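**Q** Prediction below, plus the sequence it came from.
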Amino acid sequence: MAQLSGLARIGRDAELRYTTDGTQVASLSLAFSYGKKDPNTKQKPTQWVDGALWGQRAESLAPYLLKGTLVYVVLDDAHIETFQKQDGSQGVKLSGRVSVIEFAARPAESQQQATQQPKPQPAPAQRSAPQQQASSLADMDDDIPF
């Protein structure tokens with residue numbers, strides 16, 4: 001069984017579907033960068049892979065598997081599938097079953113929004129007990145017998 005693992009960017013938001021027996025499956029489009037940067041474009045080549053995440057984990061994670069998110073993924077049963085393109089010609093794609101997925105970073109849009117929004121400041125903690133203790137200690141100074 002062929003296995004593929006590495007860091008990938010999610011190419012489009014996960015699409016959650018259900019089989020006829022109710023099993024959840026999330027379809028993912030994953031972009032793996034590899035090789036050296038092209039001197040003209042300054043970008044690495046990209047290999048697109050279709051991944052399928054099955055079961056309860058698919059349903060739980062689907063809302064968070066958004067376009068642009070960097071994930072570490074392990075694909076089991078990696079294989080080449082053929083399909084018919086819109087122009088009628090035959091195409092091939094690399095597909096696999098997602099066995100492990102971990103978030104490595106947020107989508108670029110979320111990062112930009114997070115840096116633009118001011119971070120909420122924590123409310124100052126009220127320390128009424130220490131103030132009361134300090135005032136009672138000041139009163140004790142007058143009563144010291146030495």
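**A** Done, it's in.
**Q** so where do the helices sit in this protein?
**A** 56-61, 108-116, 128-141 (DSSP state H).
**Q** can you list contacts of the shortest one?
**A** Contacts with helix 56-61, where a contact means Cβ atoms under 8 Å, 6 or more residues apart in numbering, come from Ala14, Leu16, Gln24, Val25, Ala26, Leu53, Ile101. For the C-beta atoms, the positions are set from N, CA and C on the backbone; glycine is no exception.
**Q** got the residues you listed as JSON lines, with distance to Lys67 columns?
**A** Putting the contacts of helix 56-61 into JSON lines (distance: Cβ to Cβ, whole Å) gives the following:
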{"residue": "Ala14", "distance to Lys67": "9"}
{"residue": "Leu16", "distance to Lys67": "15"}
{"residue": "Gln24", "distance to Lys67": "20"}
{"residue": "Val25", "distance to Lys67": "19"}
{"residue": "Ala26", "distance to Lys67": "14"}
{"residue": "Leu53", "distance to Lys67": "16"}
{"residue": "Ile101", "distance to Lys67": "15"}
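**Q** Now flag whichever of the residues you listed is closest to Pro39.
**A** Ile101 (33.2 Å; Cβ to Cβ).
**Q** nearest spatial neighbour of the closest one, skipping sequence neighbours?
**A** Val73 (5.1 Å; Cβ to Cβ, 6 or more residues apart in numbering).
**Q** Run a quick neighbour tally on the one you found.
**A** 23 (other Cβ atoms under 10 Å).
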